[in-house]
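no sequence for this one, just the structure:
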């Protein structure tokens with residue numbers, strides 16, 4: 001049968017529009033190219049330095065089963081909702097047309113994203129510095145550079161002691177002392193080098209964020225391929241170097257009886273899926289009709305698989321090291337990356353390969369991650385200040401980021417947890433408020449109809465239940481975070497987290513109060529809880545079709561088969577159009593192809609009902 005490009009009527013289904021667009025784009029581009037591009041963008045967005053190791057249980061007790069449950073319910077539901085709204089409206093300007101209250105929430109998410117970028121700047125600078133130091137014949141973490149009065153054991157001496165069945169405490173190793181000298185002491189030469197590298201990495205971020213959008217997407221794709229291939233190759237080398245350690249590490253990672261904290265899984269899911277942050281931006285490269293639910297499922301599988309492989313590598317090296325080194329406490333991710341992992345590589349052959357993998361992986365992922373977030377922040381501000389060129393906004397953001405990240409280098413690294421704890425406290429609240437406005441004020445039924453109008457399918461019960469319960473789940477997570485914060489002992493970490501939560505809440509409340517005042521001045525308080533008439537697709541005709549779109553009308557289709565040249569085919573009639581539609585809206589396509597022979601004509605409701613109950617005549 002031949003394809004047609006029929007004219008889309010006001011009462012017609014979005015499936016017809018979808019078919020014509022698919023014909024224009026091509027099946028391959030429509031189905032897979034956009035999904036692959038969405039995966040590249042999502043993986044880049046999830047490449048936070050705090051998600052480098054999720055499942056190894058070296059730093060945090062995160063069970064695989066808990067993480068999969070959280071990301072398969074909370075994470076994927078939030079990402080799918082947020083991505084579809086941007087796909088549906090092609091806007092990134094606070095989603096102010098959907099509901100005026102989203103303006104304050106969006107600025108709160110902007111604040112969260114900005115702070116997250118500044119925190120990652122130090123990770124990017126330190127990973128580049130350690131990557132350069134690894135090119136030395138003897139890197140600094142392998143030798144002792146302390147006073148003679150301090151007990152320090154170099155990496156070679158640790159292996160000698162291990163051969164004599166003597167263990168070494170981690171706090172006595174050269175890697176631990178190198179970490180203290182690099183991050184815990186305020187040495188002038190060390191700070192100078194870190195300041196210089198920090199300025200260099202911000203220049204790199206500005207360079208990548210200011211190139212064309214097509215180039216940025218290609219960089220993300222190349223980075224994803226490099227990280228994935230290097231992870232697979234590194235795991236292959238580890239399998240060759242170790243015997244039974246890989247099996248032991250795998251069993252410990254997937255152990256469902258291991259102790260865990262469900263809120264740790266929520267934290268990592270929030271970082272990966274953008275809960276409480278400005279979500280994914282597609283640079284206009286994705287088709288409007290991309291099946292976002294399918295793309296989200298693919299992303300969940302790819303992200304979980306790669307995260308598991310990285311954690312497997314970390315766990316294998318960690319178990320190999322603990323045969324000779326005693327680690328009594330669980331350290332932070334920062335200590336893992338810059339103290340524990342360099343030491344673990346000394347116990348395997350070709351240890352520089354693993355060092356290059358770790359710091360190269362962290363550097364590439366953090367660089368593209370910061371570039372992506374800076375581009376998202378710039379796009380957000382460009383909608384608010386349309387007269388300013390985006391490259392100027394990118395430059396301003398990079399300058400502010402450099403100015404704000406410089407003090408972090410002088411702050412003791414142990415205080416960095418104070419900043420991330422404030423983010424963990426606020427992100428679930430902002431995410432819950434965002435979803436509550438969409439699903440409870442805008443309406444879950446209306447949101448599902450938007451999906452059906454654009455993509456041509458009704459969301460399944462899984463999606464509707466997940467979206468209906470998602471605000472309550474995120475608010476429960478917020479309450480749990482507040483409870484954990486209250487139970488903490490009085491410390492600077494606790495007070496800084498409370499201060500950040502208060503600042504964010506006041507910032508969001510101020511913007512929303514200003515918005516409410518504008519509606520009160522116009523005596524239109526009810527309008528504050530309704531969507532704007534311009535909410536919807538960018539094209540005015542598409543918004544008009546959505547206004548008259550009826551699911552009941554779309555389902556009124558013929559239920560018989562047609563015989564064409566001695567063969568039976570499923571009915572290809574268009575849905576029947578109501579009498580209330582104007583004559584211009586009821587006009588069908590003038591395409592004289594074979595398929596238009598069987599298009600339904602404008603008839604009354606009684607004739608339409610009679611026609612649907614009688615078989616179609618055979619074609620001659």
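That came through fine. Keep in mind it's a predicted model, so treat the numbers as computed, not measured.

for the rest of this, base every contact and every neighbour count on C-alpha atoms.
Will do.

check which helix or strand residue 178 maps to.
helix 174-179 (DSSP states H and E).

distance between that helix and the chain's centre?
34 Å (CA atoms, centre = their mean, to the nearest Å).

give me the mean pLDDT for it.
For helix 174-179, the mean per-residue pLDDT is 86.

next SSE downstream of it?
helix 188-209.

contact partners of that following helix?
For helix 188-209, contacts defined as CA atoms under 8 Å, 6 or more residues apart in numbering pick out 121-122, 124-126, 128-129, 182, 216, 367, 370-372, 374-375, 394-395, 398, 401-402, 406, 409-410.

in the stretch 201-350 of the chain, which spans are strands?
According to DSSP state E, counting those that start in this stretch, the stretch 201-350 of the chain carries its strands in the segments 325-326.

before we move on, what about the stretch 451-600 of the chain?
Using DSSP E, counting those that start in this stretch, strands in the stretch 451-600 of the chain cover 561-564, 567-570.

in stretch 508-521, what's buried?
Across stretch 508-521, burial judged by 16 or more other CA atoms under 10 Å covers 508-509, 511-512, 515-516, 519.

nearest to residue 430 among the residues you listed?
Proximity of the buried residues of stretch 508-521 to residue 430 (CA to CA) peaks at residue 508, which lies at 9.3 Å.

ok, the closest one touching residue 109?
No. Under the criterion of CA atoms under 8 Å, residue 508 makes no contact with residue 109, lying 9.2 Å away.

identify the contacts common to the two.
In contact with both residue 508 and residue 109: no residue, using CA under 8 Å, 6+ apart.

ok, residue 362 - contacts?
Neighbours of residue 362 in contact, by CA under 8 Å, 6+ apart: 49, 52, 124, 127.

where's the last one, which helix or strand?
Going back to what we said before, that points to residue 127. Using DSSP H and E, the element containing residue 127 is helix 102-133.

please identify the buried residues of the helix or strand just after that helix?
Using DSSP H and E, the helix or strand that follows helix 102-133 in sequence is helix 155-163. Residues 155, 157-159, 161 are the ones in helix 155-163 that count as buried (16+ other CA under 10 Å).

ditto for stretch 346-360
Here stretch 346-360 shows 346-348, 352, 354-360 as buried, counting by 16+ other CA under 10 Å.

quick one: contacts for residue 161?
So residue 161 contacts 167-168, 324 (CA under 8 Å, 6+ apart).

with these in mind, which one is nearest to residue 469?
Using CA to CA, the contacts of residue 161 come closest to residue 469 at residue 324, 48.7 Å.

what separation do you get for that closest one and residue 159?
Distance, residue 324 to residue 159, by CA to CA, to the nearest Å: 7 Å.

got it, and residue 230?
27 Å.

residue 240: which of the contacts of residue 161 is nearest?
Nearest to residue 240 among the contacts of residue 161, with distances taken as CA to CA, is residue 324, at 20.5 Å.

for the closest one, grab phi and psi.
phi -120, psi -20 (degrees, to the nearest 10).

give me the below-cutoff pLDDT ranges for this protein.
Along the chain, segments meeting pLDDT under 70 span 1-30, 93-96, 146-149, 186, 412-416, 550-620.

how is it partitioned into domains?
14-454+465-518, 556-613 (automatic domain parsing).

most packed of those?
domain 14-454+465-518 (a mean of 19; mean count of other CA atoms under 10 Å).

what helix or strand is the closest residue in space to residue 128 that isn't next to it in sequence located in?
Nearest residue to residue 128 in three dimensions, chain neighbours excluded: residue 363, at 6.1 Å (CA to CA, 6 or more residues apart in numbering). Using DSSP H and E, residue 363 falls within helix 351-384.

thanks a lot, see you next time.
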